[in-house]
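*Asks:* sharing a model that was predicted from the sequence below.
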Amino acid sequence: MKKVTLINGDGIGPEITDAVVKIIEASGVKIDWELQTAGADVIEQEGTPLPERVIDSIKRNKVALKAPVTTPIGKGFRSVNVQLRKALDLYSNLRPCKNIDGIKTRFDNVDLVIVRENTEDLYAGIERQVDEDHAESIKTISREASLRIAKFAFDYAVKYGRKKVTAVTKANICKLTDGLFLNCCREIKEQYPNIEYNEILVDNACMQLVQKPEQFDVMVLPNLYGDIVSDLCAGLIGGLGVAQGANIGKDYAVFEPVHGSAPDIKGQNKANPTALLLSAIEMLKYIDETEYAEKIDKALRKTLKEGKVLTADLGGTATTTEFRDEIIKNLWIKKR
């Protein structure tokens, strides 16, 4: 039985975590959950939104499923997500984006994966105030980080039967930094002759995504562009409420939804657990429980396609609990 760290977050986090855990358990897969609390709710008792025990748990178990966690504004705490990425060297941010039947969008042919470098670029946080009227931020790109994220993208393409990897940069302007990233992608692509490779500037990529998203398969990007483009892609498939995510490193992986903790609807039993469930499905694939991942994915997609029991953000009136129970029911409906 695989042991997994379960971070139930704050805001709507505990509610959607409970729903997702019950769906996973109903599928028949055996997971030994190690519950860890984090976020705004633990600051008073432990003085930080991310106690060291949470990181220790992930280091023991290697894999975590994480609900949204609030980073308090104006109280001097760093983002929990940023801290986790740094402490565990989670260098790859993975964002699969695929249309879901039953969720109306402008396109019905989106099936792509964003692979975002997660540790450097402007997100390294190297800034200084030059004087009262000027500030500077340093963009860092290294050969080591660029090579490993490019290799991750190509390895992912091979593992999941993807056909093409697209490197996205602004190398025509940022000739040294983005140029280095691009050269590393070119170097890695030589090791994968069976995977198609192309390059595109990030501004053109954004335009192409909202015109012909079907042309993209796996996209590999530096940190800042990846952050922006991945949210654009979430919009193509219905928004952050159905957008899954994962932060993956050499030794550890943390799977989480993209959306926030929505404290305004906390405790009202109306939050949509879809994004966390999709993240959990990706987690099951990661730990080689693909049979159960596919089973849950089919039940979720059947529920969404039928459209009879949906939460309010998806156009329905169902509670979190009712939506959960409908997915569980669909786990056990066999095709005739």
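*Replies:* Perfect, thanks for sending it.
*Asks:* all strands of this structure, in order?
*Replies:* With strands called from DSSP state E, the chain shows them at 2-7, 31-36, 63-66, 92-98, 111-117, 127-131, 134-137, 164-169, 196-201, 218-221, 244-248, 253-257.
*Asks:* now render the ones you listed as TSV, adding distance to Lys189 and mean neighbour count.
*Replies:* To be clear about C-beta, it is placed using only N, CA and C from the backbone, and glycine gets the same treatment. Converted to TSV, the strands of the chain look like this (distance: least, CB to CB, whole Å; neighbours: other CB atoms under 10 Å):
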stretch	distance to Lys189	mean neighbour count
strand 2-7	34	21
strand 31-36	37	16
strand 63-66	29	25
strand 92-98	17	22
strand 111-117	13	24
strand 127-131	33	8
strand 134-137	30	10
strand 164-169	7	24
strand 196-201	4	16
strand 218-221	10	27
strand 244-248	20	23
strand 253-257	24	25
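*Asks:* possible to save these as a markdown table with distance to Ala312?
*Replies:* Formatted as a markdown table, the strands of the chain follow (distance: least, CB to CB, whole Å):
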| stretch | distance to Ala312 |
| --- | --- |
| strand 2-7 | 25 |
| strand 31-36 | 28 |
| strand 63-66 | 24 |
| strand 92-98 | 23 |
| strand 111-117 | 27 |
| strand 127-131 | 40 |
| strand 134-137 | 39 |
| strand 164-169 | 35 |
| strand 196-201 | 38 |
| strand 218-221 | 32 |
| strand 244-248 | 20 |
| strand 253-257 | 17 |
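*Asks:* closest to Leu176 out of these?
*Replies:* Nearest of the strands of the chain to Leu176, taken as CB to CB: strand 164-169 at 11.6 Å.
*Asks:* can you give the contact residues for that closest one?
*Replies:* Contacts to strand 164-169, defined as CB atoms under 8 Å, 6 or more residues apart in numbering, come from residues 150, 153-154, 157, 178-179, 181-182, 185-186, 189, 192, 195-202, 205, 216-222, 225-226, 229.
*Asks:* sheet partners, orientation included, of it?
*Replies:* Using DSSP bridges, strand 164-169 pairs in its sheet with strand 196-201 (parallel), strand 218-221 (parallel).
*Asks:* tell me where the stretch 151-300 of the chain has helices.
*Replies:* Taking DSSP state H, counting those that start in this stretch as the criterion, the stretch 151-300 of the chain carries its helices at 177-189, 202-209, 223-237, 274-286, 290-306.
*Asks:* for Gly226, which non-adjacent residue is spatially closest?
*Replies:* Arg116 (2.6 Å; CB to CB, 6 or more residues apart in numbering).
*Asks:* surely the one you found touches Ile228?
*Replies:* No: look at Arg116 against Ile228 with CB atoms under 8 Å: they stay out of range, at 9.7 Å.
*Asks:* so how far is stretch 180-200 off the chain centroid?
*Replies:* Centre-to-centre, stretch 180-200 and its host chain are 23 Å apart (CA atoms, centre = their mean, to the nearest Å).
*Asks:* list the buried residues in that stretch.
*Replies:* Neighbour counts over stretch 180-200 (16 or more other CB atoms under 10 Å) mark 180-185, 188-189, 192, 195, 197, 200 as buried.
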